[in-house]
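1. Provide a 3D model corresponding to the input given below.
(2 chains)
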Amino acid sequence: MSAKKKIIIGLISVLIAIGLIFIGIYALNSSSKADETDIPTAEAFVNEEFDKIAVSQISKLIAEKNTIKVDELSYGSQKNIILECRIKTVDLHTLLSPHYNEFLGTSPKKSTGMYKSKSDLDREFREKLTALISDCDTTEQKATLTLYQTDSGLRIFADKETADFIYGGIDKIRTQILGKTHYTDSDGTEREIGSTNITRGLVECFKLRYDDRVPDTGSRIVRMWNSFKYDFYRIFIEDARWETIFTGLWVTLKLTFFALIIGIFLGFLVAFIRCTAIKLKKKNFLLSLLDLICKLYISIIRGTPAMVQIMIIYFVFFMPMGVSKFVAAVVCFGLNSGAYVAEIVRGGIMSVDEGQTEAGRSLGFGYMSTMFYIILPQAFKAVLPALANEFIVLLKETSIAFYIGLGDLMYSVNAIRAATYTQFMPLIAAALIYLVLVLVLSKLVSILERRLRNNER
Amino acid sequence: MNDNKVVIKTQNLSKCFKSTIHALNNVNAEIKKGEVVVVIGPSGSGKSTFLRSLTRLEEPTGGHIYFDDIDVTDHKTDLNMIRRRMGMVFQQFNLFPHMTVLRNMTLAPMKLLKMSKTEAEEKAISLLKRVGLGDRANAYPSQLSGGQKQRVAIVRALCMNPEVLLFDEPTSALDPEMVGEVLDVMKELAKEGMTMVVVTHEMGFAREVADTVIFMDNGEILAKGTPEEIFEKNENQRLRDFLRKVL
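-> All right, here's what the predicted structure looks like:
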């Protein structure tokens, strides 16, 4: 009774955990749209926020010069507010290109022959830049900004790109300058830039603070939680990426299921042939041939990596024939697990006492019926733990199907990694999903095992 | 009434392993209908091999076995049909551990004799009651004692209505206090006129129940006769030595 209770409690807690995850996703995803706001408020908000990003003197200078005008305001799904804006900003690239050499050339030794301190150089350089920027005109460009309403107020979805755009391409220039190793001197010769070069100062000047998404208010835990929520939203909820995870999961489950069926069928068949060939006293040509084929099959499958197998099966055979990736994966994993299942089942059949066969045969059962009614049920029970292990391995091994581009769970996770430039959350999510699947699978097997074992002892 | 009809006859039955070791060497025996034949002999004498050869659980390498005038050793003979008619009881019981007692008994009649489930179960229950196990029909073999297992094994064989019952040392794996209950069942069967071939070390049983006792050693039949002839009036030195050791 208590064992049953334990199972029920375990299942309920798993269900509750899954339920909570769903509730979390649901709450984040389907909560109503952002609160009403108007264009002037939004405009003031974005201007203020973008000014905050500027931390260095130069970027503050640019922030003073640029303005964002909001033309249109609309409400997107998931508490998004979409702003169509005209952004007036300094086009730094056009502004600075003619002066590159001038700036780069003011290296400590080349220009004056005297050593200048870094802070002196920085100051000198800042002054030049300040003069340039305050004299220049602004250019106007259209852009779309997205605001997202969180518990702690509105937040701008401004990645580096957007922020950079608003600051006239400041970051691009920074990278460009950092990437430069040579400059052209006033007399036209290419010169190397030293390590204590002015560019370091330049980089300092252009620094922006991008990681301003999480407010610094509240305790460390609150900040962590906010950041987690933000990341979770950005990685899984935005663009309905969680849907791709579930699509992938469904593909993985289907793949495992069909591969399992093929694997069990093939495994039992091969085990049956091999056992018959071993047990049969008289040599039979057909059986020996089948046995040889089975041996060959098992050694090839067990002797090569599954990844190589799936690539050979798909790219060499199935792709030219126009067969789908899913079918290729099912066939590959079916063949693969079949070989392992065959050896497991063969061990199980061989482990059943010879007396059982004799008892069956002496009652008048033929070889096949003895096998079917008497030997296989016992063999199955004996090998169930090993089979369960094999199926767990199979479930996890399907993750290599993404090498042929099949849209399974791992493929979805990789797509998310690529889209969000994050590693931690998508990969941990994949690990958790596989873990839950394996736990559920092994629980099911242990229930089955217990039920079968009730018969004995 | 048909007491003299020969049910099983072996002709120069031989079995050798690796072409040199003779487990059976030109064994000629006859078993008549309703007869209880007890085979005795030291271990390794080939008596079990002889018994198992009768249903070709051991493949003889020479000679012939006739069951009801059918040549069992002929490869064209449907061995499964022969085996249905010859029940076998093993030293290690060989009950199917994954089935209840009832299922153990009804499986073969239902699948092979195409009996209906109720018919097979009725028969099984009545047989179980006869051996005093009427209440254990739904137990699994692992829940039974050795003596109970062997009784179930005997009635399992009886469910197929065999013409001959072969016993391969049916009491050798039992605790001494359980031997009696199994022998009682066998005596009962003998009384009812069942044809039986019993390989055993139970000399008391042989003396009491057997119609014919066969003494085997080194794969050969050395003496054959009524219990009286074998146990009291024998002339064979090896038989005497054997009896002196076991009695």
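2. so what's residue A:136 up against?
-> Counting by C-beta atoms under 8 Å, 6 or more residues apart in numbering or on different chains, residue A:136 touches A:90, A:95. Where you see a C-beta, it was placed from the backbone N, CA and C, and this is true even at glycine.
3. what residues does chain B put near chain A?
-> Within chain B, the positions lying close to chain A (C-beta under 8 Å from any C-beta of the partner chain) are B:55, B:57, B:59, B:80-81, B:83-84, B:86-88, B:90, B:92, B:94-99, B:107-108, B:111-112, B:140, B:142, B:156-157, B:160.
4. just the buried members of the residues you listed?
-> B:55, B:57, B:80, B:83-84, B:86-88, B:90, B:92, B:94-99, B:107-108, B:111-112, B:140, B:156-157, B:160 (16 or more other C-beta atoms under 10 Å in any protein chain shown).
5. Which members of those occur in helices, if any?
-> Mapping these onto helices (DSSP state H) picks out B:80, B:83, B:84, B:107, B:108, B:111, B:112, B:156, B:157.
6. hang on, residue B:167 in a strand?
-> Yes: under DSSP: H, G, I helix; E, B strand; the rest coil, residue B:167 sits within a strand.
7. picking up where we left off before, list just the nearest of the ones in helices among the buried ones among the residues of chain B next to chain A to residue A:2.
-> residue B:107 (34.6 Å; C-beta to C-beta).
8. What is the three-state secondary structure of residue B:151?
-> Here residue B:151 is helix, with the state taken from three-state DSSP.
9. all strands for chain B, in order.
-> B:6-17, B:21-32, B:36-40, B:62-67, B:70-71, B:86-89, B:164-168, B:195-199, B:212-217, B:220-225 (DSSP state E).
10. Of all the ones you listed, which one comes closest to residue A:348?
-> Going by C-beta to C-beta, the one of the strands of chain B nearest residue A:348 is strand B:86-89, 25.1 Å.
11. low-confidence ranges in chain B?
-> B:1-3 (pLDDT under 70).
12. what about the longest helix in it?
-> Ordering each helix of chain B by length in residues (DSSP H) puts helix B:176-191 first.
13. Between strand B:164-168 and that helix, find me the angle.
-> Counting by axes from the mean of the first three to the mean of the last three C-alpha atoms, to 10 degrees, helix B:176-191 points 160 degrees away from the direction of strand B:164-168.
14. May I see the buried residues of helix B:176-191?
-> For helix B:176-191, by 16+ other C-beta under 10 Å, it's B:178, B:179, B:181, B:182, B:183, B:185, B:186, B:189, B:190.
15. Could you pull up the contacting residues of the second one?
-> Under the criterion of C-beta under 8 Å, 6+ apart, the contact list for residue B:179 reads B:147, B:171, B:202.
16. any idea which of these is closest to chain A?
-> Closest approach between the contacts of residue B:179 and chain A, by C-beta to the nearest C-beta: residue B:171, at 16.4 Å.
17. Any figure for the gap between the closest one and residue B:230?
-> 19 Å (C-beta to C-beta, to the nearest Å).
18. One more: residue B:40?
-> Distance from residue B:40 to residue B:230, by C-beta to C-beta: 8 Å.
19. what sits in contact with each of those two?
-> With C-beta under 8 Å, 6+ apart, residue B:40 and residue B:230 have common neighbours B:206, B:213, B:215.
20. Using JSON lines, lay out the residues you listed together with neighbour count.
-> Shown next, in JSON lines, are these (neighbours: other C-beta atoms under 10 Å in any protein chain shown):
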{"residue": "B:206", "neighbour count": "22"}
{"residue": "B:213", "neighbour count": "25"}
{"residue": "B:215", "neighbour count": "24"}
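21. for those residues, which one is nearest residue A:372?
-> The closest of the shared contacts of residue B:40 and residue B:230, once distances to residue A:372 are taken by C-beta to C-beta, is residue B:206, at 39.2 Å.
22. pretty sure that closest one is in contact with residue B:215, am I right?
-> No: contact between residue B:206 and residue B:215 fails when scored by C-beta atoms under 8 Å: they sit 10.0 Å apart.
23. Show me the common contact partners of the two, please.
-> With C-beta under 8 Å, 6+ apart as the test, residue B:206 and residue B:215 both reach B:40, B:230.
24. Reduced to three states, what does residue A:415 come out as?
-> helix.
25. Now for it, how many residues are close by?
-> Residue A:415: 17 surrounding residues under other C-beta atoms under 10 Å in any protein chain shown.
26. mind checking how far it is from residue A:421?
-> With C-beta to C-beta as the criterion, residue A:415 and residue A:421 are 12 Å apart.
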